[in-house]
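In: sharing a model prediction with you, sequence too.
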Amino acid sequence: MDRDTELTLVGRLRQGEADAFDEVYAAFNRPLFTFLLRLSRRRDVAEDLHEETWLRLVTHAGRLQADTRLGPWLFTVARNLYVSYRRSRALEESAAAGLTGLWPFSPRETSPFEETAANELERRIERALANLPTTSREVLLLVAVSGLDQSEVADICGITPSALRQRLHRARELLADALERDAVHPPVLEGAPPCPSR
Amino acid sequence: MSEPLIRRLGELPAAEPDIRRTEHIRKRCHARLARQKKTRRRLVSRMPTSERMAPVWQSAIAVLGFVYLTQVILIALAVYGLT
């Protein structure tokens, strides 16, 4: 979407035009959902946060700045919603673990992408990505998968551009290490089906 | 090491949101937009006439002020024989 089209759409959104919303929705629906799904690794969570992100857009439509960049705006909201979700879940889990001491914990979950990856390399990348720390995963997703500018990603994550460069560098290293480890010692998943076809 | 890896990440397939859920979100957002539009219209119609007319008389005063100042400058120039 070029900048002029984006500015026109923002103007129309501020007027509450449903057609403008549809155009924005068509442009960002999939990338936003993909980002949330890879970030949360759970379809139900991604769906809820995805819906909430769009509702936030229409709720704030009348108050958008005329020069708003829609992509970064939407990804910022989506990311912040995920951070809030993680925080509340961590609180719930610590409370439950304190009560029972037997809270089931699975440090390695299979991501929905991993289950449907087309080939072995794709599956390995999805697996490595899914097991990165959230801060590393989110910068890789925003820069490499969503294709946002590094300055925009720095704004989304609330960090300086130089901090982002460092975080990105570290994330790349972690991903490369994870892929290397995975190639040497591929994990054996109990009951995992042999590479499903799409 | 990293650039081909980043490129690979960019080539990973996008996820497909559930069609029914996509439509459900679109409808909810449309409904909310319509509600907000209605509320805005109601608020405007509830405004007192003087408030609603404010932009009109403010513009009129600005135009009259501009005309008046232009005339004053023209007369001053004429008095000093500069026109």
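Out: Nice, I can see it. Numbering: from 1, shown residues only, chains lettered A, B, ... in the order given.
In: kindly export the helix or strand of chain B with the lowest mean pLDDT (C-alpha atoms) in CSV.
Out: Sorting the helices and strands of chain B by mean pLDDT, DSSP states H and E puts helix B:49-52 at the bottom, at a mean of 77. Extracted in CSV, the C-alpha atoms of helix B:49-52 (Å, rounded to 0.1, in the frame of the first residue of the first chain):
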residue,chain,number,x,y,z
THR,B,49,-27.2,26.5,17.4
SER,B,50,-24.6,29.1,18.5
GLU,B,51,-22.0,26.4,18.9
ARG,B,52,-22.9,24.8,15.6
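In: how about residues contacting that helix?
Out: Contacts with helix B:49-52, where a contact means Cβ atoms under 8 Å, 6 or more residues apart in numbering or on different chains, come from residue B:44. Yep, even glycine has a C-beta here, placed from its N, CA and C like the rest.
In: how far does it sit from its chain's centre?
Out: 20 Å (Cα atoms, centre = their mean, to the nearest Å).
In: return the set of buried residues in it.
Out: When burial is assessed from 16 or more other Cβ atoms under 10 Å in any protein chain shown, helix B:49-52 yields no buried residues.
In: and residue 45, how many neighbours?
Out: Let's take chain A. Counted with other Cβ atoms under 10 Å in any protein chain shown, the neighbours of residue A:45 add up to 18.
In: I was thinking of chain B, sorry if that wasn't clear
Out: 8.
In: assign a three-state SS to it, would you?
Out: Remark: residue B:45 carries the secondary structure label helix [criterion: DSSP: H, G, I helix; E, B strand; the rest coil].
In: show me where pLDDT drops low in chain B?
Out: Residue ranges of chain B with pLDDT under 70: B:1-2.
In: domain parsing for it?
Out: B:16-46, B:52-83 (automatic domain parsing).
In: is the helix or strand that contains residue A:83 positioned near chain B?
Out: Taking DSSP states H and E as the criterion, residue A:83 maps to helix A:70-100. No: shown here: helix A:70-100 not in contact with chain B (Cβ under 8 Å from any Cβ of the partner chain), separated by at least 12.5 Å.
In: which SS state does residue 37 fall under?
Out: As the question left the chain open, I've gone with chain A. Per three-state DSSP, residue A:37 ends up helix.
In: how much space between residue B:25 and residue B:6?
Out: Going from residue B:25 to residue B:6 by Cβ to Cβ, to the nearest Å gives 31 Å.
In: can you check residue A:184 too?
Out: The gap separating residue A:184 from residue B:6 is 22 Å, by Cβ to Cβ.
In: what about these two, which has more around it?
Out: Using other Cβ under 10 Å, the more surrounded residue of residue A:184 and residue B:6 is residue B:6, with 17 against 7.
In: my read: that one touches residue A:142, true?
Out: No: using Cβ atoms under 8 Å, residue B:6 makes no contact with residue A:142, being 12.0 Å away.
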